[in-house]
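**Q** mind folding the following:
(chains A and B)
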Amino acid sequence: DGGITQSPKYLFRKEGQNVTLSCEQNLNHDAMYWYRQDPGQGLRLIYYSQIVNDFQKGDIAEGYSVSREKKESFPLTVTSAQKNPTAFYLCASSMVGTSFNYGYTFGSGTRLTVV
Amino acid sequence: AQSVTQLGSHVSVSEGALVLLRCNYSSSVPPYLFWYVQYPNQGLQLLLKYTTGATLVKGINGFEAEFKKSETSFHLTKPSAHMSDAAEYFCAVTLGRSGAGSYQLTFGKGTKLSVIP
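**A** Here you go, the predicted model:
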C-alpha cells in the first residue's frame, strides 16, 4: 500500500544535540512538507519542497534544516539552535499541478521531547 | 493572501446531537477547501474536500460540508454525533496553482470536539 512513513514515533533529545526525523513516501508525490504542531497553535510550516534538490523555508524555519536528495525522502534535522524543540512533527506530501486538488497525505507524526 | 478562521477551539456535543464546526476563509479567488481529522498522537486524515462543482460535499464517517461563497464559509456538519467522532478537526484552504504559496495548504488552528455520553 502506498503511504507516507515517519520514524521514529517517539524521539528524545538532549540539550545541544542535533536529531534527524525521517520521512519517506512511496506515493510518487512531487511535494513534501514539514509541520510543527503545538497545543492550541495548529500546524506551522517549517520547510517544504516541490522538487528534488530544492526546498523553501516556511514560517518557522529557524533552528531546522532539511534535504531533498531523493523524491521519496525529506528528512528534517532539528539543530541545537532550536531552543524549544519539544513538539509533535508532521510530514506531508502532495501532487502538484492539476492533481493538487487531492490535498495532502500526512504521516503519523514524530513526538520529539527534550530531556 | 489566504487565511482560515475556525470559530471555537473546543466544542462539546452530546452523543446523538448535531455536530457543527465552523470555518471561514479569506481568499481573493475561489479556493480549494478541505477538512481534516486528527486523533490523538496520529497524523491528519482527509475527511472531505471542495474543489469545483457541487457546493455540498460528503465525506467519510457521515460528515458533510457546504461551500458558501457569499459567506466565505465551509462549515462541517454531522447529523448525529458518535463517541468515535471525538477528535481534533482542521479546516484548510489553498489557492492551488495560482498566487503566492502555490500548492500549500493554510490551516486553521483546529477545533477539538468532545462527545458527551
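**Q** CA only for contacts and neighbour counts going forward, please
**A** Fine.
**Q** near chain B at all, stretch A:40-49?
**A** Yes - under the criterion of CA under 8 Å from any CA of the partner chain, chain B is reached by stretch A:40-49 at A:40-43.
**Q** how about the strands in chain A?
**A** A:4-7, A:10-13, A:19-25, A:31-37, A:43-51, A:54-57, A:64-66, A:76-78, A:87-94, A:105-106, A:110-114 (DSSP state E).
**Q** what parts of chain A come near chain B?
**A** So far as CA under 8 Å from any CA goes, chain A lies against chain B at A:40-43, A:90, A:96-98, A:100-101, A:103, A:105-109.
**Q** what's the lowest-mean-pLDDT helix or strand in chain B packed up against?
**A** Ranked by mean pLDDT, DSSP states H and E, the weakest helix or strand in chain B is strand B:106-107, scoring a mean of 90. For strand B:106-107, the elements it packs on are strand B:3-7, strand B:87-94, judged by 3 or more CA pairs under 8 Å, 6 or more residues apart in numbering or on different chains; DSSP states H and E.
**Q** can you do 10 Å?
**A** Under the contact criterion of 3 or more CA pairs under 10 Å, 6 or more residues apart in numbering or on different chains; DSSP states H and E, strand B:106-107 touches strand A:43-51, strand B:3-7, strand B:32-38, strand B:87-94.
**Q** on that earlier part again, mark which of the residues of chain A next to chain B are buried, thanks.
**A** A:43, A:90, A:96, A:100-101, A:103, A:105-109 (16 or more other CA atoms under 10 Å in any protein chain shown).
**Q** residues from chain B in reach of chain A?
**A** With CA under 10 Å from any CA of the partner chain as the criterion, chain B meets chain A at residues B:9-10, B:32-34, B:36, B:38, B:41-46, B:48-52, B:90, B:92-97, B:101-112.
**Q** where in chain A is pLDDT low?
**A** Within chain A, the stretches with pLDDT under 70 are A:1, A:98-100.
**Q** can you tell me the centre-most residue of it?
**A** Compute the mean C-alpha point of chain A, and by CA atoms, centre = their mean the closest residue is A:W34, 2.8 Å away.
**Q** all strands of chain B, in order?
**A** B:3-7, B:10-14, B:19-26, B:32-38, B:44-50, B:56-58, B:64-68, B:73-78, B:87-94, B:106-107, B:111-116.
**Q** partner strands of the fourth one and their direction?
**A** Spelled out, it's strand B:32-38. Pairing partners of strand B:32-38, with direction, according to DSSP bridges: strand B:44-50 (antiparallel), strand B:87-94 (antiparallel).
**Q** report the buried residues of it.
**A** B:32-38.
**Q** specify the angle between it and strand B:19-26 in degrees.
**A** If you take axes from the mean of the first three to the mean of the last three CA atoms, to 10 degrees, strand B:32-38 sits at 140 degrees to strand B:19-26.
**Q** could you do the second one as well?
**A** In this structure, strand B:10-14 runs at an angle of 150 degrees to strand B:19-26, with the same axes, to 10 degrees as the basis.
**Q** give me the residues contacting strand B:10-14.
**A** A:40, B:19-21, B:80-83, B:86, B:88, B:110-117 (CA atoms under 10 Å, 6 or more residues apart in numbering or on different chains).
**Q** kindly report the same for the first one.
**A** Counting by CA under 10 Å, 6+ apart, strand B:3-7 makes contact with B:21-27, B:33, B:72-75, B:89-94, B:105-111, all of which sit outside it.
**Q** list the contacts for B:N61?
**A** B:47, B:78, B:82, B:84-85.
**Q** what subset of those is buried?
**A** Using 16+ other CA under 10 Å, the buried ones in the contacts of B:N61 are B:47, B:78, B:82, B:85.
**Q** thanks a lot, catch you later.
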